[in-house]
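J.: What follows is a predicted structure for the sequence shown.
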Amino acid sequence: MALSRGQRWAIWLAGGVVIIAALAVGGTYFYIHVISGPAPAALSLKSGSPAASTSSAGTSSSPSTAATGTAGPVAGSWKVGTGSVVGYRVKEVLLGQNNIAVGRTSSVTGTLTISGTKVTAASFTAQLATVKSDQSQRDAQFNGRIMDTAKYPTGTLRLTSPIELAPVPGAGTVKVYHAAGELTLHGHTRAVSFPLSAERTAAGLEVSGTLPVVFAQYDIPNPSFGSFVTTASSGTLEFLLKFTHA
């Protein structure tokens with residue numbers, strides 16, 4: 001039976017939609033897995049062994065062969081220095097393709113106070129409008145409807161309980177501690193508890209850590225964007241801070 005002109009147009013239209021959808025998915029796959037490549041590795045202390053990030057509080061990794069020189073005393077006032085980075089990591093699905101969205105900034109300030117072998121105070125602040133990913137569209141969403149950086153320009157993490165460092169490890173040894181603090185994002189402050197890794201170096205102190213961020217707890221809109229991009233209900237805040245004597 002011959003098809004009418006309208007039926008032929010409907011078939012052509014349906015076929016065109018299928019082809020466009022296939023090209024969109026295929027193009028997205030090609031971009032994520034070939035052009036863009038894998039997401040940046042999580043922020044961590046490079047001298048630490050893999051076991052260091054999962055060991056219990058108070059344990060340490062083997063000294064790094066790259067560490068040279070003699071570390072100075074840990075007691076005193078410290079400030080966040082050059083090379084410090086703060087960022088986010090969020091799992092997303094882009095047109096059916098799994099992806100890891102990562103945004104980072106080096107616009108970080110902060111201080112750390114150590115009395116004897118105990119950390120008595122610490123806090124750092126990141127300028128959220130300077131957080132950048134590999135996608136300008138994602139950054140526009142982050143600065144606008146998601147984090148509203150014009151209204152809430154900073155994110156702050158502050159220690160609320162002292163951390164005992166003793167026995168203080170030698171230079172080049174990564175040690176894992178437990179920290180309790182307050183995280184302020186999007187105008188909301190919540191208590192947080194998380195492990196962090198610290199290392200003495202010839203130049204000062206380096207500290208890294210990650211903690212989960214449930215968007216609803218901070219009244220942060222879910223980053224999902226219609227059916228084009230969908231994300232989980234939480235992400236990860238990660239940091240690598242390099243401290244020098246104040």
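T.: Perfect, I can see it now. Numbering: from 1, shown residues only.
J.: part of a helix, is A129?
T.: Yes - counting by DSSP: H, G, I helix; E, B strand; the rest coil, A129 is found in a helix.
J.: Just confirm it contacts K151, I think it does.
T.: No - A129 is beyond contact range of K151, at 10.8 Å (criterion: C-beta atoms under 8 Å). C-beta: built from backbone N, CA, C; applies to glycine.
J.: quick check: domain ranges of the protein?
T.: Annotated domains of the chain cover 1-37, 40-245 [automatic domain parsing].
J.: Now mean neighbour count and mean pLDDT too, for these, in a markdown table please.
T.: Formatted as a markdown table, the domains of the chain follow (neighbours: other C-beta atoms under 10 Å; pLDDT from 0 to 100):
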| stretch | mean neighbour count | mean pLDDT |
| --- | --- | --- |
| domain 1-37 | 11 | 46 |
| domain 40-245 | 17 | 87 |
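J.: got the residue ranges for the helices in the protein?
T.: For the chain, the helices defined by DSSP state H occupy 5-30, 136-141.
J.: Extract the C-alpha set from stretch 130-139 and format it as CSV.
T.: Output of stretch 130-139 as CSV, limited to C-alpha atoms (Å, rounded to 0.1, in the frame of the first residue of the first chain):
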residue,chain,number,x,y,z
THR,A,130,36.5,32.5,41.2
VAL,A,131,35.7,28.7,41.1
LYS,A,132,36.2,27.5,37.5
SER,A,133,35.5,24.1,35.8
ASP,A,134,36.2,23.1,32.2
GLN,A,135,32.7,24.3,31.1
SER,A,136,31.8,28.0,31.0
GLN,A,137,28.1,27.1,31.0
ARG,A,138,28.5,25.1,34.2
ASP,A,139,30.4,28.0,35.8
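J.: how far does that stretch sit from the chain's center?
T.: 13 Å (C-alpha atoms, centre = their mean, to the nearest Å).
J.: Ok, stretch 75-84 next?
T.: With C-alpha atoms, centre = their mean as the basis, stretch 75-84 stands 20 Å off its chain's centre.
J.: try stretch 177-192
T.: 15 Å.
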